[in-house]
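Engineer: sharing a model prediction with you, sequence too.
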Amino acid sequence: MSKLTMVEALNLALEQEMARDENVCLMGEDIGVNGGVFRTTKNLQKTHGETRVMDTPLAECGIVGTAVGMAIYGVRPVVEIQFSGFTMQAFDQIEQNMARLRNRTRGKYTVPMVLRTPYGGGIRAVEHHSESREAYWAHTPGLKVVVPSGPRNARALLAASIRDDDPVVFYEPKAVYRAFREEVPEEPEIMELGKAEIVRVGKDLTLITYGAMMRPCKEAVQDLAEDHNIDVELIDLLTISPMDTETLAQSVQKTGRCVIVNEGQRTCGVAAEIIARINEAAFDYLEAPIKRITGFDVPFPYFQVEEHFLPESEEIVSAVKETLDWK
Amino acid sequence: MAAQNQNDKKTTSSEEVFSKNTPSSMNTSPIDLGQIEVLQILNEHGEVDKGLEPDLSNEVLLDTYRAMVLGRAFDSRMMTMQRQGRMGTFAPNFGQEACIIGQVTSLTKNDWFAPSYRSFGAQIMRGWPLEHLMRLWAGFHDGFPPPKNVNDLPFSIVIGSHVLPAVGIGMGMNYKKKKDCVVVNYGDGASSQGAVSEALNFAAVYKAPVVFICENNGWAISTPTKKQRANQTFAAHGIAHGIPCIRVDGNDILAMMCATKEATDRARNGDGPTLIEAITYRMSLHTTADDPTVYRDEDEVKVWEARCPIKRFETFLTNKGLLDDDAIKETLESCEEEVIAARDKFYAMDPADPTEIFDHLYESVPKELQAQREEYLRRLREKGIDL
């Protein structure tokens, strides 16, 4: 066990998966000599060579499209798109081929690839560097969408995504990259995709979130327990698609109240989807309307004002109290 | 511009402004692309260039001829079936048979072919049963996957979006140190797609064993090549990407076979990609949903009738003593019979299974999707569909 940041934990997963399977290769801009702009792929080219860690031309559509072909041929590419805002360049290949080729060929061809990309705000970057558009990919049949929240689950989920035979969009909360360290076992560790995790058991209200929003939620949960004697059940979604509706619904059936926090834009967002599912699976148990705290339906603001856009713990505390006070 | 000239009495021509603002070291004259050769071995009268004639066995020549005739027979039958309401929208290949067959004759089973929707002649040659292609065009899910042991991509409906995965397959061959290659077909219209430029670039950078066939048939639905591209030499796309390129008379089967053979040899030898612009003409409709009389002059089509790829190959084979009128008739009849037999097989095949639309999206059907599947099955039962 050693204490790692999320970047180091992701690097460990990539290193171990490459050592385990010679078909695992990495593709992306500046990932080789430079080790990636966030250094997630640091030293991997040195260890595994240029054939397996490919510095690609600057063309996101080209990276994803060729990775799809390599995956069909039996290679297992792990693609890095430098910022999730740049995945829009690759929308064509993600939607037309990465997500659909298995279905189009009735399973004759599979696309076992991972598209890793840092998402979310809070790092004082320029436009297109803070996007949180995981809802696009969750809306796309054929993809799996995974969002870790800390070093340990990031490592285990990335390893699982690489071994998965389906295409995975892996959104890394860049605000968490170096925010804290966690014990991560040296031995390879895998977490099953499609499973949410109950991070804290509670009886008063279910708080659902994922990725970078786990931090303000944890803070809020602690405040609520210490200052208000409110016992919140906190759920880390981990996989957005396929969604673990069962765990969410069972929790709400128990608590009767629910607040959802996601950083992405509100309309047709992940919170909206969760509300619909709880409505279908646990309506009779609800004591109050479900509240959502999300990004607003505007483009992610420039960094002088970004702190006001991102959901914060105070707001989460208020939302939980309002939901509990609802009559 | 006019307003500016009024204020400034001494008018300046745009040329002068350009030269004044351009650093002297910058060469502003257009880049000389030189002449890109057009390869023709068999002219439209069926006369062969003896110096270029490939050394092909009689068997290969006659098989290739039959493949072209079979492609056209399939084409005609599909048009008929569509007009009878027994086939979906179909994209004919009439007049492009040399181009489409000639690009796969040098491929082996281990090589890959990435077709476009008009490539069925080549798909047949690659091992797609005719009735399978009929299922494809008739809207059956099971028609789309390539048959077992056929290394082809399914064609993409979104124009040009298959070219990047085709290059990725070539990169996969390099990764796995295989000496095989990929032929990818796309059209003059597709060449305008950014993804196709990216594909050419990736293939060049990674020396991927890929042969790009830009099948220039003059039209992208109603858009003629002159509206598609300022530079009418589509092969020049290769120059910008550092890819050797050639133009070929796409109605000359021998030229198509030779150019593709050389390109696939280069690819297998580790020399990287080649771009072949095959110049041909879309004699027929874009698809059965199209009416070209709205946008093109039929006189233009007549010019190309004289350049028929099958006719000129027949003349060549007749002059060689490999064909005569009887043999031509027999070939046509046997191809038509083969198509009719396939049609009958197609008509006798199982109806579409509506229950399997959830089954191939993931390695295993996720719980949530399983629930949606149940909901869908209930809907089918309520409609009285026997499951």
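Structural biologist: On my side now, so go ahead. Numbers count the residues shown, from 1 in each chain, chains lettered A, B, ... in the order given.

Engineer: just give the number of residues close to residue 100.
Structural biologist: Because you didn't say which chain, this covers chain A. Using other C-beta atoms under 10 Å in any protein chain shown as the criterion, A:Arg100 is surrounded by 21 other residues. C-beta: built from backbone N, CA, C; applies to glycine.

Engineer: right idea, wrong chain: chain B
Structural biologist: B:Ile100 has 30 neighbouring residues, counting by other C-beta under 10 Å.

Engineer: what do you get for B:Pro54?
Structural biologist: Residues lying near B:Pro54 (other C-beta under 10 Å) number 13.

Engineer: tell me how many other residues crowd the residue in chain A that chain B sits nearest to.
Structural biologist: Shortest chain A-to-chain B distance, computed as C-beta to the nearest C-beta: residue-wise this is A:Gly69, at 2.0 Å. Other residues within reach of A:Gly69, judged by other C-beta under 10 Å, total 36.

Engineer: element containing the closest residue to it other than its chain neighbours, please.
Structural biologist: Excluding its sequence neighbours, the residue lying closest to A:Gly69 (C-beta to C-beta, 6 or more residues apart in numbering or on different chains) is B:Gly168, at 2.0 Å. Under the assignment given by DSSP states H and E, the secondary-structure element containing B:Gly168 is helix B:163-175.

Engineer: list the buried ones in that helix?
Structural biologist: Buried residues in helix B:163-175, counting neighbours by 16 or more other C-beta atoms under 10 Å in any protein chain shown, are found at B:163-175.

Engineer: show me the contacts for the residue in chain B positioned nearest to chain A.
Structural biologist: Among all residues of chain B, B:Gly168 sits closest to chain A, at 2.0 Å; criterion: C-beta to the nearest C-beta. Taking C-beta atoms under 8 Å, 6 or more residues apart in numbering or on different chains as the criterion, B:Gly168 is in contact with A:65-73, B:202.

Engineer: what do you get if the cut-off is 7 Å, keeping everything else the same?
Structural biologist: For B:Gly168, the contacting residues are A:65-70, by C-beta atoms under 7 Å, 6 or more residues apart in numbering or on different chains.

Engineer: if I look at it, what pLDDT would I see?
Structural biologist: In this model, B:Gly168 is scored at 98, pLDDT.

Engineer: swap in B:Asp265?
Structural biologist: Reading off the confidence values, B:Asp265 has pLDDT 98.

Engineer: ditto for the one 10 residues further on
Structural biologist: On the pLDDT scale, B:Leu275 is placed at 97.

Engineer: name every strand pairing with the host helix or strand of it and say which way it goes.
Structural biologist: Here B:Leu275 is covered by strand B:274-279, with elements defined by DSSP H and E. The strands that strand B:274-279 pairs with in its sheet are strand B:210-216 (parallel), strand B:245-249 (parallel) (by DSSP bridges).

Engineer: find out how far the following helix or strand past the first one is from the centre of the chain, if you would.
Structural biologist: Moving toward the C-terminus from strand B:210-216, the first helix or strand encountered (DSSP H and E) is strand B:219-220. Once both centres are worked out by C-alpha atoms, centre = their mean, to the nearest Å, strand B:219-220 turns out to sit 13 Å from its chain's centre.

Engineer: one more: stretch A:262-276?
Structural biologist: Centroid separation between stretch A:262-276 and its chain, computed with C-alpha atoms, centre = their mean, is 14 Å.

Engineer: alpha carbons only: can I get it in PDB?
Structural biologist: Backbone C-alpha positions of stretch A:262-276 (Å, rounded to 0.1, in the frame of the first residue of the first chain) are rendered in PDB as follows:
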ATOM      1  CA  ASN A 262     -24.100  16.800 -10.600                       C
ATOM      2  CA  GLU A 263     -21.700  19.400 -12.100                       C
ATOM      3  CA  GLY A 264     -23.000  19.100 -15.700                       C
ATOM      4  CA  GLN A 265     -25.800  21.300 -17.200                       C
ATOM      5  CA  ARG A 266     -29.200  20.700 -15.800                       C
ATOM      6  CA  THR A 267     -31.500  20.000 -18.800                       C
ATOM      7  CA  CYS A 268     -31.600  16.300 -19.700                       C
ATOM      8  CA  GLY A 269     -28.700  15.800 -17.400                       C
ATOM      9  CA  VAL A 270     -27.700  12.900 -15.200                       C
ATOM     10  CA  ALA A 271     -29.700  14.200 -12.200                       C
ATOM     11  CA  ALA A 272     -32.800  14.400 -14.400                       C
ATOM     12  CA  GLU A 273     -32.400  10.800 -15.400                       C
ATOM     13  CA  ILE A 274     -31.900   9.700 -11.800                       C
ATOM     14  CA  ILE A 275     -35.100  11.500 -10.800                       C
ATOM     15  CA  ALA A 276     -37.000   9.800 -13.500                       C
END
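
Engineer: include mean pLDDT, distance to B:Phe94 and mean neighbour count when you put the strands paired with strand B:274-279 into JSON lines, please.
Structural biologist: Converted to JSON lines, the strands paired with strand B:274-279 look like this (pLDDT from 0 to 100; distance: least, C-beta to C-beta, whole Å; neighbours: other C-beta atoms under 10 Å in any protein chain shown):
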{"stretch": "strand B:210-216", "mean pLDDT": "98", "distance to B:Phe94": "14", "mean neighbour count": "29"}
{"stretch": "strand B:245-249", "mean pLDDT": "96", "distance to B:Phe94": "17", "mean neighbour count": "24"}
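
Engineer: you'd agree the residue of chain A closest to chain B is in a helix?
Structural biologist: Yes. With DSSP: H, G, I helix; E, B strand; the rest coil as the criterion, A:Gly69 is located in a helix.

Engineer: correct me, but it touches B:Val167?
Structural biologist: Yes. Using C-beta atoms under 7 Å, A:Gly69 is in contact with B:Val167, at 6.1 Å.

Engineer: what's around B:Glu374, how many residues?
Structural biologist: Neighbour count of B:Glu374, defined by other C-beta under 10 Å: 11.
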